[in-house]
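Participant: Fold the following.
(2 chains)
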2 protein chains.
Amino acid sequence: MIDCDVHHARATDQELLPFLSRGWHEFISNRGPAGIMPLTVQDGLPNPHGFMRADTFPPDGSPPGSDFEMLRQQVLDRGDVRRAILTFGDDSHVAGHHNPYFAAELARALNDWSIDRWLSRDERLVSSIMVATQLPEQAVAEIRRHADNPRMVQVMLVDNPHRYPFGHPVFHPIYAAAEEIGRPIAIHGGAGGWANPASTGGGKVNFYFEAHTLWPQVVMTHLVSFISHGVFERFPRLRLLLIEAGAAWLPSLLWRFDTDYKGLRREVPWLKKLPSEYVRDHVWLTTQPLEISPKREQVAELLGWVNGADRLCYSSDYPHWDADETNYIASRLPASWHRRVFFENALKFYGWQEADLAPVGGRNAK
Amino acid sequence: MIDCDVHHARATDQELLPFLSRGWHEFISNRGPAGIMPLTVQDGLPNPHGFMRADTFPPDGSPPGSDFEMLRQQVLDRGDVRRAILTFGDDSHVAGHHNPYFAAELARALNDWSIDRWLSRDERLVSSIMVATQLPEQAVAEIRRHADNPRMVQVMLVDNPHRYPFGHPVFHPIYAAAEEIGRPIAIHGGAGGWANPASTGGGKVNFYFEAHTLWPQVVMTHLVSFISHGVFERFPRLRLLLIEAGAAWLPSLLWRFDTDYKGLRREVPWLKKLPSEYVRDHVWLTTQPLEISPKREQVAELLGWVNGADRLCYSSDYPHWDADETNYIASRLPASWHRRVFFENALKFYGWQEADLAPVGGRNAK
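Facilitator: Alright, predicted model coming up:
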């Protein structure tokens, strides 16, 4: 299996400090009794249960996802995982920081921390490249810095510090760099709070319950923006993965998107095919949380209408409490989809060869 | 048939002036060479084709939807319509005005204009009650003013002048008044521009093509907000119609909404049943524009999963160019649904008796 969404975390703020340049280290640390400057953005709606699965809390009190041995047992060895893509935890919201220069430095340090503290531990682990999209040119430099490290496997976008969604030209230098070094883009759902122009259409909702129900809207908007602005015409080798945004909304969105394209394409003359054809050629989605239909077969039937067997990539979302177990998700999809959803689609998305992957059980890395 | 969305319009600004109080009339008119103050909010993205069907422009150059005889021929007599619900055109955006007192006066005048100039012409016509939600207490007064006129059939919400979507308690006095006088609420999609906190989740899109594709997001958010805030527990006789927002997004949204309710209901202890059960008991949707699936039967199959035969109410959206002809929409839905979708569901939603409706062909009103 390949698990496309595993959230790793720092045990402490101190753990990140050695990866910061001296000036930023001092800026962050020398605050006297105020202690270390906050390094993570946490301004979304509070989950009434917290976010973490009860059995993922390490006994020493450090945060879920920060203990390699525990993650190895609960993710890598549990499900015959041959590769797991690390996606950071609260640190994934680096593009939500107010100070863009601070964010750029944090992104750089987080990527080096991920390589040093995680990729070195197990060859089954690979990491996302976090970028501070506040400053696209600095994000480009950060992407290029990892060009020669094949274990930094995708450029990940979460929070949006700009007014427009991710298809807007302000983000294109990032896509040019990703295409240039042969990495796909991943958009992770759940960006929340002040850093996003809007977390739902229609206004500010008041409960986490509402926000989570409507969470796919942001990712839908980014997808529509990507296609409408012609990102896949301008960067024809670019691939896009939509993480943790659900999937069952895709057919009805594409029906409307294709219909509207036929009626309104005067506005977007650079497009050369139907929106659904760009999705077919460039876009994949992760499974978790897969919508639960009243009759089990409905969700697979619906996703089958957009060739879900070839579009979905398994993800656990460990260590969150709504994480999907392998057996559970397998039970909800047709057996004929399993090999593609759990393995082959991710291979294709990332451009990997099966022979290059670690065997089940792994070996020591490096 | 009952047509649930017909946009009627004023031929001129002067047509509305007699319905304004003397002070407002002067305020609007006495601007010297600047002419009459703008009476409509038009700040959305421009449709690259304009909005109106070519054959709906009256020969005298007045706007589509403003000529009763033309509307009679093209809507009422064409499709065996026994009742058509008028929903205003650009004037429906009255809640998008900056000046809340001006908006309240306009809403009052628009409703009186609708009664005087339209309902008097044909008994098949009934009208929405426009309210300026900028000032909920004035909206309540406007709703109560029409309590004894059964041809003012619903309270219609379009633009949102407040920060929060329509389930928020700031709007509850409006729902209390609607329930008190036995009228349902209708939310019309397509509110755009500055008056809305956000027209899409994820940021400001750049093309009408994108905005229209994502248009359902605002209505989805209002629906989630309505249910989450317990509007249907607080006002158990209230019914809600979602107009011109599509329908095929409903199953996947309800799957996620029900699942999230099971996990997160600690936040909303006032709810007593699943979100999908509130929809089943309180919510209807209009047909236009029905999503177009690649295989014709898919959209009906999908909507069948949420009992679409009982939830959908036919609407033409006349005089817009994406208006649906009766025969077209009939061809896209199973024959067994037709009587309900074209007639009975609207009867039930509005609480009408068939015997009270005009015969096909109508009679002169009053």
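Participant: show me where the stretch 51-200 of chain A has helices.
Facilitator: For the stretch 51-200 of chain A, the helices defined by DSSP state H, counting those that start in this stretch cover A:68-71, A:100-114, A:136-145, A:172-180.
Participant: what separates the least confident helix or strand in chain A by mean pLDDT from the chain centre, distance-wise?
Facilitator: Within chain A, no helix or strand scores below helix A:326-332, which has a mean of 92 by mean pLDDT, DSSP states H and E. Distance of helix A:326-332 from the chain centroid (C-alpha atoms, centre = their mean, to the nearest Å) equals 21 Å.
Participant: neighbours of A:Pro359, just the number please.
Facilitator: Under the neighbour criterion other C-beta atoms under 10 Å in any protein chain shown, A:Pro359 is assigned a count of 10. In this view, the C-beta of every residue, glycine as well, is placed from N, C-alpha and C.
Participant: any idea how far chain B is from it?
Facilitator: A:Pro359 is 36 Å from chain B, where distance means C-beta to the nearest C-beta, to the nearest Å.
Participant: Now do the contacts for the closest residue to that residue other than its chain neighbours.
Facilitator: Excluding its sequence neighbours, the residue lying closest to A:Pro359 (C-beta to C-beta, 6 or more residues apart in numbering or on different chains) is A:Arg82, at 7.1 Å. By C-beta atoms under 8 Å, 6 or more residues apart in numbering or on different chains, the contact set of A:Arg82 is A:1-2, A:124, A:343, A:357-360.
Participant: Please produce CSV containing the residues you listed, extended by pLDDT and secondary structure.
Facilitator: Compiled in CSV, those are given as follows (pLDDT from 0 to 100; DSSP: H, G, I helix; E, B strand; the rest coil):
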residue, pLDDT, secondary structure
A:Met1, 95, coil
A:Ile2, 97, strand
A:Arg124, 97, coil
A:Phe343, 97, helix
A:Leu357, 93, coil
A:Ala358, 87, coil
A:Pro359, 87, coil
A:Val360, 85, coil
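Participant: Just the buried residues from those, in ChimeraX please.
Facilitator: Buried residues among the contacts of A:Arg82 (16 or more other C-beta atoms under 10 Å in any protein chain shown), as a ChimeraX selection:
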select /A:1,2,124,343,357,358
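Participant: mind listing the strands in the stretch 251-366 of chain A by residue range?
Facilitator: A:283-286, A:312-313 (DSSP state E, counting those that start in this stretch).
Participant: what's the spacing between A:Ala198 and B:Arg311?
Facilitator: Here A:Ala198 is placed at a distance of 28 Å from B:Arg311 (C-beta to C-beta, to the nearest Å).
Participant: who are the neighbours in contact with the residue nearest the centre of chain A?
Facilitator: Nearest to the mean C-alpha position of chain A, by C-alpha atoms, centre = their mean, lies A:His188 at 3.4 Å. Contact analysis of A:His188 by C-beta under 8 Å, 6+ apart lists A:5, A:87, A:92, A:156-158, A:243-244.
Participant: neighbours of the residue of the stretch 1-150 of chain A at minimum distance from chain B, just the number please.
Facilitator: Residue nearest to chain B within the stretch 1-150 of chain A (C-beta to the nearest C-beta): A:Pro48, separated by 4.4 Å. Using other C-beta under 10 Å, A:Pro48 is surrounded by 14 other residues.
Participant: Quick check: the gap between it and A:Phe207.
Facilitator: Using C-beta to C-beta, one obtains 8 Å as the distance from A:Pro48 to A:Phe207.
Participant: between those two, what contacts are shared?
Facilitator: What both A:Pro48 and A:Phe207 touch, as defined by C-beta under 8 Å, 6+ apart, is the set B:264, B:267.
Participant: what does the model give A:Asn364 for pLDDT?
Facilitator: A:Asn364 carries a pLDDT value of 62.
Participant: let me fix that: A:Arg163
Facilitator: A:Arg163 is given a pLDDT of 88.
Participant: thinking it is in contact with B:Asn206, fair?
Facilitator: No - counting by C-beta atoms under 8 Å, A:Arg163 does not reach B:Asn206; the two are 10.2 Å apart.
Participant: who's more crowded, the two?
Facilitator: B:Asn206 (19 against 11).
Participant: on that earlier part again, possible to save the strands of the stretch 251-366 of chain A as JSON lines with distance to chain B, mean pLDDT and mean neighbour count?
Facilitator: Output for the strands of the stretch 251-366 of chain A, formatted as JSON lines (distance: least, C-beta to the nearest C-beta, whole Å; pLDDT from 0 to 100; neighbours: other C-beta atoms under 10 Å in any protein chain shown):
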{"stretch": "strand A:283-286", "distance to chain B": "13", "mean pLDDT": "98", "mean neighbour count": "26"}
{"stretch": "strand A:312-313", "distance to chain B": "14", "mean pLDDT": "98", "mean neighbour count": "28"}
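Participant: looking at the helices of the stretch 51-200 of chain A, which is buried most?
Facilitator: Highest mean neighbour count of the helices of the stretch 51-200 of chain A: helix A:100-114, a mean of 22 (counted as mean count of other C-beta atoms under 10 Å in any protein chain shown).
Participant: tally of neighbours for A:Asp122?
Facilitator: 20.
Participant: do the same with A:Arg151
Facilitator: Close neighbours of A:Arg151, defined as other C-beta under 10 Å, add up to 18.
Participant: Pretty sure it sits against A:Ile115.
Facilitator: Yes - under the criterion of C-beta under 8 Å, A:Arg151 is in contact with A:Ile115, at a separation of 7.5 Å.
Participant: Quick check: neighbours shared by the two?
Facilitator: Counting by C-beta under 8 Å, 6+ apart, the residues touching both A:Arg151 and A:Ile115 are A:Ser127.
Participant: What separation do you get for the closest residue to A:Glu137 other than its chain neighbours and chain B?
Facilitator: Leaving aside its sequence neighbours, A:Glu137 sits nearest to A:Pro173 (C-beta to C-beta, 6+ apart; 6.4 Å). To chain B, A:Pro173 is 18 Å away according to C-beta to the nearest C-beta.
Participant: ok, now which ones touch A:Pro173?
Facilitator: By C-beta under 8 Å, 6+ apart, the residues touching A:Pro173 are A:136-137, A:139-140.
Participant: Just the closest of the residues you listed to B:Ala330, please.
Facilitator: A:Pro136 (50.8 Å; C-beta to C-beta).
Participant: Surely the closest one is in contact with A:Val170?
Facilitator: Yes - with contact defined as C-beta under 8 Å, A:Pro136 counts as touching A:Val170 (6.3 Å).
Participant: near chain B, which residues of the stretch 251-366 of chain A?
Facilitator: Selection of the stretch 251-366 of chain A residues close to chain B by C-beta under 8 Å from any C-beta of the partner chain yields A:251-253, A:255-261, A:263-268, A:289, A:291-295, A:298-299, A:302, A:305, A:322.
Participant: shaky segments in chain A?
Facilitator: Scanning chain A for pLDDT under 70 picks out the ranges A:192-195, A:364-366.
Participant: if we go to 50?
Facilitator: A:366 (pLDDT under 50).
Participant: re the thing from before, excluding chain neighbours, what is closest to the residue of the stretch 1-150 of chain A closest to chain B?
Facilitator: B:Arg266 (4.4 Å).
Participant: ok, the one you found - how many residues close by?
Facilitator: By other C-beta under 10 Å, the residues close to B:Arg266 number 12.
Participant: Give me the neighbour count for A:Gly79.
Facilitator: Look at A:Gly79: counted by other C-beta under 10 Å, it has 19 neighbours.
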